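# Everything below, folded, please.
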Amino acid sequence: AARGHHGGDGHCPQGGEGLTGVSPPGLSPVSPIHVYTQREVYGTVGSRVTLSCSFWSSEWISEDISITWHFQAEGSRDSISIFHYAKGQPYIDDVGSFKERMEWVGNPRRKDGSIVIHSLEPTDNGTFTCDVKNPP
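Sure, this is the predicted structure:
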């Protein structure tokens with residue numbers, strides 16, 4: 001069975017809660033985005049699996065929201081970008097073995113950045129990370 005961890009505690013690319021209130025005068029404080037994923041996802045080789053990613057922000061979700069999925073193969077030091085959502089469009093990256101097998105099922109307006117991986121292979125084992133940015 002192929003096993004995919006995906007990003008446990010999510011990322012707060014905007015600096016996290018600790019920064020709130022220490023901005024110089026005149027700048028609005030940074031608000032974090034909370035990103036939620038399942039810690040472990042199991043799938044059978046040949047089947048498909050949904051990697052769910054939901055997020056929450058106290059700020060309005062802007063038109064410039066971007067979502068990036070990275071994959072780090074088990075035993076590898078490097079992570080590759082496998083999927084990117086930006087300017088209202090999903091883009092499947094042209095690298096790695098996922099490009100023919102990936103489906104975007106998210107909807108940023110519903111604070112959902114989920115993807116589906118079809119035809120699971122043993123080499124899909126690894127860590128998947130969902131990164132969400134909500135400029136500014």
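# which residues does residue 56 contact?
Residues counted as contacts of residue 56 (Cβ atoms under 8 Å, 6 or more residues apart in numbering) are 33, 34, 36, 111. Heads up, the C-betas are built off the backbone N, CA and C, glycines and all.
# Out of those residues, flag the one nearest to residue 121.
residue 36 (26.3 Å; Cβ to Cβ).
# pretty sure the closest one contacts residue 111?
No: using Cβ atoms under 8 Å, residue 36 is not in contact with residue 111, being 9.5 Å away.
# what's the overlap in contacts for those two?
With Cβ under 8 Å, 6+ apart, residue 36 and residue 111 have common neighbours 54, 55, 56.
# ok, the first one - how many residues close by?
By that I understand residue 54. Residue 54 has 17 neighbouring residues, counting by other Cβ atoms under 10 Å.
# mind listing what it touches?
By Cβ under 8 Å, 6+ apart, the residues touching residue 54 are 35, 36, 37, 111, 112, 113, 114.
# Same question for the second one.
Residue 55 sits next to 10, 33, 34, 35, 36, 111, 113, 132 when contact means Cβ under 8 Å, 6+ apart.
# With residue 95 instead?
Taking Cβ under 8 Å, 6+ apart, we find residue 95 in contact with 80, 81, 82.
# separation between the first one and residue 33?
It refers to residue 80. In this view, residue 80 and residue 33 are 23 Å apart by Cβ to Cβ, to the nearest Å.
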